[in-house]
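1. Need coordinates for the below:
(one chain, ligands or ions: 1)
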Amino acid sequence: MEIAAINTVSVAPQSRVLSNTFSRKLGSVSSLSLRSIEREYRVGSARLRVSVASSSSMDAVTAEKTSPSSFLENRESKKVLHFVKYHGLGNDFILVDNRDSSVPKITQEQVAKLCDRNFGVGADGVIFAMPGVNGADYTMRIFNSDGSEPEMCGNGVRCFARFIAELENLQGKHSFTMHTGAGLIVPEIQDDGQVMVDMGIPILKAQDVPTKLPGTKGESVVQAELVVDGVTWNVTCVSMGNPHCITFGTKGGPNLKVDDLNLPEIGPKFEHHEMFPARTNTEFVEVLSRSHLKMRVWERGAGATLACGTGACALVVAAVLEGRANRLRFAACVIYMHTDLELCIGHGETEMHGGSAGRTTGDRVEAGGQPYLHDGSCGSCLLRISTALSVHGH
Ligand SMILES: N[C@H](CCC[C@H](N)C(=O)O)C(=O)O
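-> Next up is the predicted model:
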């Protein structure tokens, strides 16, 4: 099933009578008295859903539907999936209000199509805000852009928090509990709108990451050797609820220069390596100083992303374990991803904060690939969209 750009174009009252030109593209037409009708049509490569509402009969045109129904219609006739796009440092997600059901509104296959940056909306994943379980206020389920479901997502949690604040019209400082695949998470929305998340205690036991690599520091995998395409890398493995493989370079090699990496080539070879039975996220790290690290990430199920919250936490833990960064609580490590992200390593737990979470409303995506209307406080998202579309209205 092909998913073209599915947009909703409400035909405003003053333009109810569609032009002949428009009608010609729609195939055979007939004039009808219309009450309120919604149809989906193919216009060029895009599919348009035209909803024409009228309280009285009028001359207008409609046509036989010319394209197979979209997945949105298969679910419930004519139900439009409303969404809001958020990003955390450019790690972008489609957020869906699913608080009325414990069943996601779309399937994993449809998630993958929706995340496609050419034939869908485009995102690193889809996040569903669902009813809480076991006493939690909410449940977060997240699906990567390949449709796989990870246990946890740090930037996703920050976007989720801002989404809930919008849905519940929360003002000022707030926190709430959310059930995730990695357990209970309590995001804190600060007065300035930033979101701080205690990401919990990292998991180091090899079999719990999980990795088949043998422990090198007790049961922890620290600076172990991993052969990828005949090259031996030194890696440290950490789980933040989801698996991460962190490398600062090859065995005996120079300090890694992450800008020189061919990520699309090397990333999948780590992701699908036999030593990672659940696949893995991989962080390639360049040490600038004991408090400044530079990272590029190849995510499990999503590929190269601009940022990764759990990845940032995992790499700071790895840097401390390898003696490359300070452990002191307030010697925060600033990770250069797309924008700075500051992490504090406390006595075991990892806190993450910083980096704005921006939003773009999906129900206002305009027809024909016109720009997202953007209330952008989110520079990086603005930057990315502006390279693909001319951005206006922000
Ligand atoms: N971007 C996310 C990580 C998603 C991890 C996902 N790719 C997986 O399969 O674990 C973050 O900010 O933590």
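
2. give the contact list for Cys308.
-> Asn91, Gly154, Asn155, Asn281, Glu283, Val297, Glu299, Met337 (CB atoms under 8 Å, 6 or more residues apart in numbering). No exception for glycine: its C-beta is placed from N, CA and C like everyone else's.

3. Please report how far it lies from the ligand.
-> 4 Å (CB to the nearest ligand atom, to the nearest Å).

4. Now do that residue, the pLDDT please.
-> Note for Cys308: predicted pLDDT of 92.

5. Flag the shaky bits of the chain, pLDDT-wise.
-> Per-residue confidence for the chain (pLDDT under 70) gives these ranges: 1-79, 327-394.

6. Around the ligand, pick out the residues from it.
-> 91, 144, 150, 153-156, 242, 281, 299-302, 305, 308-310 (CB under 6 Å from any ligand atom).

7. again, only this time at 8 Å
-> Within reach of the ligand by CB under 8 Å from any ligand atom, the chain has these residues: 88, 91, 124-125, 142, 144, 148, 150-157, 240, 242-244, 279, 281, 297, 299-302, 305, 307-313.

8. Do a quick rundown of the helices in the stretch 251-394 of the chain.
-> 263-271, 309-321, 379-388 (DSSP state H, counting those that start in this stretch).

9. what comes up buried for the first one?
-> Of all the residues in helix 263-271, those buried under the rule 16 or more other CB atoms under 10 Å are Ile266, Gly267, Phe270, Glu271.

10. Would you reformat these as CSV and include distance to Leu170?
-> Below are these laid out as CSV (distance: CB to CB, whole Å):
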residue, distance to Leu170
Ile266, 42
Gly267, 37
Phe270, 39
Glu271, 37
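
11. Out of those, which comes closest to Val111?
-> Glu271 (18.4 Å; CB to CB).

12. ok, that closest one to Asn91 distance?
-> 17 Å (CB to CB, to the nearest Å).

13. which residues sit against stretch 250-261?
-> 225, 231-234, 247-249, 284-287, 294-296.

14. Ile266 reaches Trp233, doesn't it?
-> No. Using CB atoms under 8 Å, Ile266 is not in contact with Trp233; the gap is 9.4 Å.

15. Now for the closest residue to the ligand within the stretch 1-150 of the chain: which residues touch it?
-> Closest to the ligand within the stretch 1-150 of the chain is Pro150: 3.2 Å, counting by CB to the nearest ligand atom. Residues in contact with Pro150 (CB under 8 Å, 6+ apart) are Ile142, Asn144, Gly181, Asn242, Arg300, Gly301.

16. Now do the same contact list for the last one.
-> Under the criterion of CB under 8 Å, 6+ apart, the contact list for Gly301 reads Gly125, Asn144, Ser145, Asp146, Gly147, Ser148, Pro150, Arg279.
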